[in-house]
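Novice: quick one: sequence plus predicted model below, questions after.
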Amino acid sequence: MDLVTDIEAITVAHLDDLHQGRSLALRIKRFIPTGTALSISERLVRHSSLAAYRNTPELVRVGESHFETHNEDGSTDADALNEYLSNADQLMDEIRRACAPRPSPVDQLWRLFDDVGGVERAEVDGRSMFAGIVRIFPEGSELLPHNDVFARDAPDLAPASEITAQFAANIYLEAPEDGGHLQLWGERPNEQRLADIRDEGSKYGASRSLLPPPAVEIEIDPGDLLLIDATRLHAVSAQKHGRRVGMSCFLGQRPGRPFICWS
Ligand SMILES: O=C(O)CCC(=O)C(=O)O
Ligand SMILES: [Fe+2]
C-alpha cells in the first residue's frame, strides 16, 4: 500500500485509491508557494471575524462548520443551521477578500477538481453550505483520532444521502516547528467500534491508548495540500511550538455528477 501518494493533478483513479484504502493520502507538495501561504495565513489569523464565531477551546476558526449545528444527540439545531446557512456567503467573501489579490486556496483546490467532473457547494433546501473553514490550532493543541461521516452527522440533510465517498482536503498555510502531524489509520470504524474506542473526556474523539499506532504520520509544510478519506480514522498530533493554520473542506463524490463541498 502506498501510504502517501505524491501527485501533480487529481484523477478519478487517485480518488478511488483513497476510497478503497490502497493509498491513505494524496499530497501535492507546495500546492501554494510557501511565501504566499504564510502571508495569507497572517491575514486570515488577524481577520476581524475570527472572534465572532463559535470558538472551541482547542481550536479557533474563521468560518463555521456544519458539525457545530447539531445537538449532542445528533439531531439538528434548526436555529444554528439557519444561522450557519445565512452566514455562509458572507464568510466566504470575507475569506476571499483576506486572500486577495491572490486566489483563495480552496478556490484553487476546486479548480483541480475540474479535471474530475467539477465541484459545487452542497445545498440544504436550496441554500448553499459554507465551505473552506480556516482552522488555527494554537500551541499545545491536538485533535484526537476521529472520522467524519456526513450522513452520521447530518442524517436529515439531503446532500448527505447522495454521496458515495467523503474526502477531506486540507491546505496548510502555517506549520508548527514541532508536532502537529497528520496521523492516519487505515481503519474505517463502524458506530460500535467508535463507541468502544471513545475517549471519555472528549465529545468527538477516540482514545489513542485504545488504538494501534497510526499507519502513517505526515509532517506538513506551509502550502501543502493533503487529501484523505475522511471516513477513516485520522488525528493531529500535539504541537509543541508554533501555530498550525489550515484551510479545509470536505468533498463528497456523487456518481455521474459534480462533487459537492462543505465545511
Ligand atoms: O488539520 C488536519 O490536518 C486534519 C483535520 C481534520 O480532522 C479534517 O480535515 O477532517
Ligand atoms: Fe477530521
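Specialist: Looks like it came in fine. Ligands and ions are numbered 1, 2, ... in the order given.
Novice: please count neighbours and contacts with C-alpha atoms only from this point.
Specialist: Noted.
Novice: what mean pLDDT does the lengthiest helix in the chain have?
Specialist: With DSSP state H setting the assignment, residue counts place helix 78-99 as the longest helix in the chain. For helix 78-99, the mean pLDDT works out to 92.
Novice: packing partners for that helix?
Specialist: helix 34-45, strand 127-128 (3 or more Cα pairs under 8 Å, 6 or more residues apart in numbering; DSSP states H and E).
Novice: looking at the ones you listed, which is buried most?
Specialist: Looking across the helices and strands packed on helix 78-99 with neighbours counted as mean count of other Cα atoms under 10 Å, the highest average goes to helix 34-45: a mean of 18.
Novice: right, and the helix or strand after it?
Specialist: Per DSSP states H and E, helix 34-45 leads on to strand 60-62 as the next helix or strand towards the C-terminus.
Novice: show me what counts as buried in that following strand.
Specialist: 60-62 (16 or more other Cα atoms under 10 Å).
Novice: check those residues against ligand 1, which are close?
Specialist: Counting by Cα under 6 Å from any ligand atom, nothing from the buried residues of strand 60-62 sits close to ligand 1.
Novice: can I get those residues in CSV including pLDDT and distance to residue 7?
Specialist: As requested, the buried residues of strand 60-62 are arranged in CSV below (pLDDT from 0 to 100; distance: Cα to Cα, whole Å):
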residue, pLDDT, distance to residue 7
60, 70, 30
61, 74, 29
62, 77, 29
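Novice: of those, which is the nearest to residue 138?
Specialist: Closest approach between the buried residues of strand 60-62 and residue 138, by Cα to Cα: residue 60, at 7.7 Å.
Novice: is that closest one in contact with residue 139, as I believe?
Specialist: No. Counting by Cα atoms under 8 Å, residue 60 does not reach residue 139; the two are 11.5 Å apart.
Novice: okay, and the beta partners of residue 62?
Specialist: Per DSSP bridges, the residues bridged to residue 62 are residue 134.
Novice: what residues does the stretch 51-200 of the chain have near ligand 1?
Specialist: So the stretch 51-200 of the chain meets ligand 1 at 168, 170, 182 (Cα under 6 Å from any ligand atom).
Novice: now do the strands in the stretch 101-250 of the chain.
Specialist: Assigned by DSSP state E, counting those that start in this stretch, the strands in the stretch 101-250 of the chain fall at 119-121, 123-124, 127-128, 133-137, 143-146, 165-174, 178-179, 182-184, 216-218, 225-229, 234-236, 239-241, 244-254.
Novice: between those, which gets nearest to residue 6?
Specialist: Per Cα to Cα, nearest to residue 6 of the strands of the stretch 101-250 of the chain: strand 225-229, 9.4 Å.
Novice: against which helices or strands is the closest one packed?
Specialist: By 3+ Cα pairs under 8 Å, 6+ apart, strand 225-229 packs against helix 12-20, strand 23-28, strand 165-174.
Novice: where in the stretch 101-250 of the chain is pLDDT low?
Specialist: Nowhere does the stretch 101-250 of the chain drop to pLDDT under 70.
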